[in-house]
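Undergrad: structure here, sequence nowhere to be found:
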């Protein structure tokens with residue numbers, strides 16, 4: 001099939017590459033000349049495991065192309081995906097200016113029937129808004145479909161190529177047949193293609209992310225309570241996670257959720273509820289607890305150093321909001337670092353993939369290590385903020401020789417408490433007992 005994807009951000013690029021991998025002819029549109037130059041030269045602008053291999057193969061085979069021409073994309077495609085940013089506004093609602101702006105331009109370009117798909121995460125009712133915007137500029141028949149993405153950063157290629165489910169919101173039989181044909185090759189193992197109305201589809205995306213964010217936040221609350229009562233959050237997590245009604249995923253405590261989806265989507269769903277005069281008190285609490293949770297590790301640091309960390313040097317392992325990505329949007333590490341700097345400390349940080357993004361976008365005045373070990377040189381303490389696999393088995397004896405003090409604050413509970421006994425470190429984690437050197 002002939003597919004166009006408008007927007008080559010995280011979702012747009014993964015969508016375009018994976019559709020090309022299944023044999024479709026894909027055109028991706030972006031208005032950033034520098035980005036287009038890199039894409040045409042075979043440079044992938046984001047870090048996502050497995051994406052570069054598929055990208056290079058399909059670029060070489062001529063199944064994916066990049067352009068700044070919306071007109072060419074509209075003329076080329078049977079199905080047009082809108083994968084445009086919907087950033088949060090100051091009040092927490094999603095900003096639809098990019099989606100609606102492209103929709104208006106698209107209306108002027110339509111000559112024949114097209115299926116136009118909202119792939120961006122958008123509030124309930126956006127399909128209606130996009131339809132109205134396109135109709136302002138055309139009499140040509142078209143359908144607007146909601147097709148939310150459920151891609152986990154770090155596993156996006158796997159999630160797209162072998163989805164647990166695909167949700168499509170449309171009341172058009174014509175559009176339904178097109179979407180069924182497009183997704184059939186991805187669902188050969190029998191996982192469902194779920195059709196529903198557009199508004200239910202739009203709400204499904206927000207509901208899924210908000211529920212997962214709630215699970216994380218609930219477990220963080222339990223972890224904080226564990227520290228008060230002397231319980232071990234690892235034991236509690238295993239105990240409740242074995243209940244199939246609850247499940248073991250998203251029950252790992254830490255320093256809060258971040259990234260491009262959960263913070264924005266929880267906020268947008270809460271804002272939608274307010275617009276419809278419904279007080280979604282649970283989401284209000286989830287957002288408040290998550291912001292507080294980002295402070296937990298800093299409070300542990302301040303308590304250890306008697307409330308004064310001026311002149312102290314801290315090593316930070318992990319900048320991305322989660323492992324296997326270079327995404328730093330709403331990353332807890334950034335808030336933690338900012339607090340340390342405000343208190344007069346200095347910071348040296350390391351992350352396998354996210355350092356360049358922090359340098360480019362954060363504005364933080366910190367140093368960067370070239371490796372795990374040199375990040376810790378003369379550090380008064382080490383803070384672990386992202387659970388990269390390579391952090392799990394450090395050379396503890398070397399750390400002790402490099403660090404000024406053998407002190408670790410683990411915001412992701414990556415070390416086993418039993419293993420840490422006798423290693424000679426002060427070790428504080430989330431929801432578990434503190435080991436003193």
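TA: Right, received. Where do you want to start? Because the structure is a prediction, the values reported are computed rather than measured.
Undergrad: CA only for contacts and neighbour counts going forward, please
TA: Will do.
Undergrad: what sits against the closest residue to residue 369 other than its chain neighbours?
TA: Using CA to CA, 6 or more residues apart in numbering and skipping residues adjacent in sequence, the residue nearest residue 369 is residue 375, 4.5 Å away. Residues counted as contacts of residue 375 (CA atoms under 8 Å, 6 or more residues apart in numbering) are 315-316, 348-350, 368-369.
Undergrad: now render these as JSON lines, adding pLDDT, distance to residue 159 and neighbour count.
TA: Shown next, in JSON lines, are those (pLDDT from 0 to 100; distance: CA to CA, whole Å; neighbours: other CA atoms under 10 Å):
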{"residue": "315", "pLDDT": "98", "distance to residue 159": "34", "neighbour count": "29"}
{"residue": "316", "pLDDT": "98", "distance to residue 159": "30", "neighbour count": "27"}
{"residue": "348", "pLDDT": "98", "distance to residue 159": "34", "neighbour count": "21"}
{"residue": "349", "pLDDT": "98", "distance to residue 159": "30", "neighbour count": "26"}
{"residue": "350", "pLDDT": "98", "distance to residue 159": "28", "neighbour count": "23"}
{"residue": "368", "pLDDT": "97", "distance to residue 159": "32", "neighbour count": "17"}
{"residue": "369", "pLDDT": "95", "distance to residue 159": "32", "neighbour count": "18"}
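Undergrad: among the residues you listed, which lie within strands?
TA: 315-316, 348-350, 368 (DSSP state E).
Undergrad: distance to residue 224 added to those residues, as CSV?
TA: Output for those, formatted as CSV (distance: CA to CA, whole Å):
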residue, distance to residue 224
315, 24
316, 22
348, 28
349, 26
350, 27
368, 31
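Undergrad: out of these, which is nearest to residue 26?
TA: residue 350 (36.9 Å; CA to CA).
Undergrad: just give the number of residues close to residue 364.
TA: Using other CA atoms under 10 Å, residue 364 has 14 neighbouring residues.
Undergrad: for residue 377, give its distance to residue 352.
TA: 18 Å (CA to CA, to the nearest Å).
Undergrad: which stretches of the protein form strands?
TA: 2-6, 25-29, 64-67, 79-82, 114-118, 142-146, 166-169, 193-196, 313-317, 346-350, 367-368, 381-384, 407-410, 426-428.
Undergrad: show me what the third one is packed up against.
TA: So that's strand 64-67. Applying 3 or more CA pairs under 8 Å, 6 or more residues apart in numbering; DSSP states H and E, we find strand 64-67 packed against helix 10-21, strand 25-29, helix 33-40.
Undergrad: and for the second one?
TA: For strand 25-29, the packing partners by 3+ CA pairs under 8 Å, 6+ apart come out as strand 2-6, helix 10-21, strand 64-67, helix 70-76.
Undergrad: closest one to residue 221 among the ones you listed?
TA: helix 10-21 (31.1 Å).
Undergrad: can you tell me the average pLDDT over the closest one?
TA: Helix 10-21 comes out with an average pLDDT of 97.
Undergrad: what is that helix packed up against?
TA: strand 2-6, strand 25-29, helix 51-60, strand 64-67, helix 156-161.
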